[in-house]
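> My questions are about this predicted structure, shown below with the sequence.
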Amino acid sequence: MRIGILGGGQLARMMALAGYPLGLDFTVLCPAEDACAAPLADHICARFDDQSALHELAGKTDLITYEFENVPAESVDLLNANNAVYPPTRALMLGRDRLLEKNLFNELGIRTAPFAAVDSLADLEQAVKTVGRPAILKSRTEGYDGKGQQLIREDTVLADAWQANGGAAAILEGFVPFSREVSIIAVRSRSGEMAFYPLSENIHLDGILRLSRGLDHDPMQSQAEGHARRLLAHLDYVGVLAIEFFEHQGELLVNEYAPRVHNSGHWTIEGAETSQFENHLRAIIGLPLGPTNLYGRALMINLIGEIPAAQDVLVLPGAHLHLYGKRPRPGRKVGHITLHGENEERFALQLDHVRKLPGVSGI
Ligand code: AMP
């Protein structure tokens with residue numbers, strides 16, 4: 001069976017790595033000539049709105065998935081007309097618009113930070129009155145890793161913030177003084193079977209995920225699973241979905257969901273019996289899902305902008321290195337390290353060692 005993937009980045013690459021043992025082949029559509037999934041797949045090098053490339057992808061593959069949200073809607077419609085596309089288009093469309101996404105959560109009885117739609121400076125002035133300060137102005141679409149966001153402090157001049165935002169349709173969201181950030185990786189198969197990974201605790205710096213740790217038996221697990229279960233069922237979802245939460249005063253507030261495999265689930269490659277990538281593929285093909293339990297302790301650290309020497313990582317027992325084949329550039333995710341082990345003391349020592357490596361600084 002040949003799977004088509006929209007996008008050829010590291011998520012597509014890790015999906016292919018998980019898919020080969022299942023006998024799957026891959027074709028990726030990605031405009032970047034040096035797409036990092038390209039060495040592992042047949043690569044159609046074209047824009048996501050290139051009609052003939054989309055027809056080629058549809059013709060070559062048995063079903064199609066994607067590794068990022070900002071695929072043009074018309075392209076997904078074109079693919080949908082001929083092939084099964086998972087996760088479902090509705091999940092993609094709602095998930096990439098912060099306003100629709102937050103409205104959906106509230107409809108499902110899942111709490112979010114207070115928010116208001118902002119389409120003009122006048123809306124922003126009104127929204128600040130209801131949401132309060134501090135708050136974050138976030139563009140409705142195409143924002144990720146903290147991009148397209150303006151912090152509204154007590155002294156921020158609203159006209160400046162609106163200008164910095166470029167006048168794009170936005171939401172104003174109350175700033176949550178969270179105690180921690182967690183996410184859940186959930187998966188639902190074509191038969192409706194669901195599975196949930198142990199929560200990840202996530203550390204972001206400047207809006208970019210830096211570290212995720214799998215949490216065994218966390219007290220927030222059942223709350224997160226309940227929210228994920230409702231969302232998956234409502235969307236008639238197929239595939240892996242990640243939901244990011246703020247924990248605040250013993251309650252989970254949703255930040256956002258991603259209708260795809262997710263950076264906070266990379267620890268599952270070594271840390272769980274079945275990785276998020278394998279379970280995504282099992283789900284979309286219609287195979288039984290694999291167990292999601294955490295083995296021992298597992299923690300993932302992103303490598304940003306720099307690549308450490310492999311021997312400096314692998315000298316640690318239990319350390320695993322994943323390089324994405326990308327040229328390092330400031331701010332670019334070029335790989336990750338997973339630490340996996342049983343003994344907490346040794347685990348903490350290893351983390352201290354890793355923190356000093358190039359690409360890891362600041363956490
Ligand atoms: P996002 O692009 O919405 O995923 O935001 C990136 C990161 O910015 C989050 O993981 C948080 O660390 C921080 N952040 C976003 N929204 C809020 C908020 N309403 N309150 C506090 N921190 C936030």
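Yes, it's here.
> Roughly how far does Ile64 sit from Ala81?
Note on Ile64: its distance to Ala81, by C-beta to C-beta, to the nearest Å, is 11 Å. Using the backbone N, CA and C atoms, a C-beta is placed for each residue, glycine as well.
> neighbour-wise, which of those two wins?
A side-by-side neighbour count of Ile64 and Ala81, using other C-beta atoms under 10 Å, places Ile64 first with 24 against 9.
> residues making contact with the helix or strand hosting that one?
Counting by DSSP states H and E, the element that carries Ile64 is strand 63-66. Among residues not part of strand 63-66, those counted as contacts by C-beta atoms under 8 Å, 6 or more residues apart in numbering are 1, 3-7, 15, 57-58, 79, 83-87, 92, 239, 260, 280, 284-285.
> Pull out the buried members of these.
Buried members of those, counted by 16 or more other C-beta atoms under 10 Å: 3-7, 15, 57-58, 79, 83-87, 92, 239, 260, 280, 284-285.
> Leu94 against Phe105, yeah?
No. Counting by C-beta atoms under 8 Å, Leu94 does not reach Phe105; the two are 9.8 Å apart.
> Give me the buried positions along stretch 66-76.
For stretch 66-76, by 16+ other C-beta under 10 Å, it's 66-69, 71, 75-76.
> make that stretch 220-236, sorry
In stretch 220-236, residues buried by neighbour count (16+ other C-beta under 10 Å) are 220-221, 223-225, 227-228, 231-232, 235.
> and if you look at stretch 157-165?
Along stretch 157-165, the positions that meet the burial threshold by neighbour count (16+ other C-beta under 10 Å) are 158, 161-162, 165.
> Out of those, the closest to the ligand would be?
Using C-beta to the nearest ligand atom, Asn165 comes nearest to the ligand of the buried residues of stretch 157-165, at 13.7 Å.
> from the chain's centre, how far out does the strand or helix carrying Glu101 sit?
In the assignment (DSSP H and E), Glu101 maps to helix 98-107. From the chain centre to the centre of helix 98-107 is a distance of 18 Å (C-alpha atoms, centre = their mean, to the nearest Å).
> next SSE after it?
Sequence order places strand 115-118 as the next helix or strand after helix 98-107, per DSSP H and E.
> Can you tell me which helices and strands that next one packs against?
Other elements packing on strand 115-118 under the criterion 3 or more C-beta pairs under 8 Å, 6 or more residues apart in numbering; DSSP states H and E are helix 98-107, helix 121-131, strand 170-174.
> what does the helix or strand following the longest one rub up against?
Taking DSSP H and E as the definition, the helix or strand that follows helix 121-131 towards the C-terminus is strand 135-139. Counting by C-beta under 8 Å, 6+ apart, the neighbours of strand 135-139 from elsewhere in the structure are 98, 118, 124, 127-128, 148-152, 161-162, 165-166, 168-175.
> hmm, back to that, closest one to Glu244 out of the buried residues of stretch 66-76, please.
Within the set of the buried residues of stretch 66-76, Glu69 lies nearest Glu244; the separation is 13.4 Å, counting by C-beta to C-beta.
> quick check, nearest of the buried residues of stretch 66-76 to the ligand?
Relative to the ligand, the closest of those is Glu69; by C-beta to the nearest ligand atom it sits at 11.8 Å.
> what's the nearest residue in space to the closest one that is not next to it in sequence in contact with, if anything?
Counting by C-beta to C-beta, 6 or more residues apart in numbering, Arg96 is the residue found nearest to Glu69 once chain neighbours are left out, at 4.2 Å. Contact analysis of Arg96 by C-beta under 8 Å, 6+ apart lists 69-70, 141-142.
> still on that earlier bit, figure out how far the strand holding Ile64 is from the centre of its chain.
16 Å.
> Point to the residue nearest the middle of this protein.
His262 (3.2 Å; C-alpha atoms, centre = their mean).
> which stretch of helix or strand covers the residue lying closest to that one once chain neighbours are set aside?
Setting aside the residues directly before and after it, His262 is nearest to Ala242 in space (C-beta to C-beta, 6+ apart), at 3.4 Å. Secondary-structure assignment from DSSP H and E places Ala242 in strand 239-248.
> So in that sheet, which strands flank that strand, and in what orientation?
In the sheet containing strand 239-248, its partner strands are strand 180-188 (antiparallel), strand 251-258 (antiparallel), by DSSP bridges.
> Excluding sequence neighbours, find me the nearest residue to Glu273.
The shortest distance from Glu273 to any residue other than its chain neighbours is 4.2 Å, reached at Pro291 (C-beta to C-beta, 6+ apart).
> Tell me the pLDDT of that neighbour.
The confidence metric pLDDT takes the value 98 at Pro291.
> Report the secondary structure state of it.
Put simply, Pro291 is coil when judged by DSSP: H, G, I helix; E, B strand; the rest coil.
> Could you report the neighbour count for it?
Every residue meeting other C-beta under 10 Å relative to Pro291 is counted, giving 9.
> same deal with Ala310?
Applying other C-beta under 10 Å, I find that Ala310 has 10 neighbouring residues.
> Same check on Arg133?
Neighbour number of Arg133 under other C-beta under 10 Å is 15.
> hang on, it packs against Arg153?
Yes. Assessed by C-beta under 8 Å, Arg133 is found in contact with Arg153 at 6.6 Å.
> Output the host helix or strand of Ile337 as CSV - backbone C-alpha positions only.
Remark: Ile337 resides in strand 333-341, with elements defined by DSSP H and E. C-alpha atoms of strand 333-341 as CSV (Å, rounded to 0.1, in the frame of the first residue of the first chain):
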residue,chain,number,x,y,z
LYS,A,333,14.2,22.3,14.5
VAL,A,334,16.9,20.0,13.2
GLY,A,335,16.4,16.9,15.4
HIS,A,336,15.6,15.6,18.8
ILE,A,337,17.1,13.5,21.6
THR,A,338,15.1,11.0,23.5
LEU,A,339,16.2,10.0,27.0
HIS,A,340,14.8,6.7,28.1
GLY,A,341,15.5,4.8,31.3
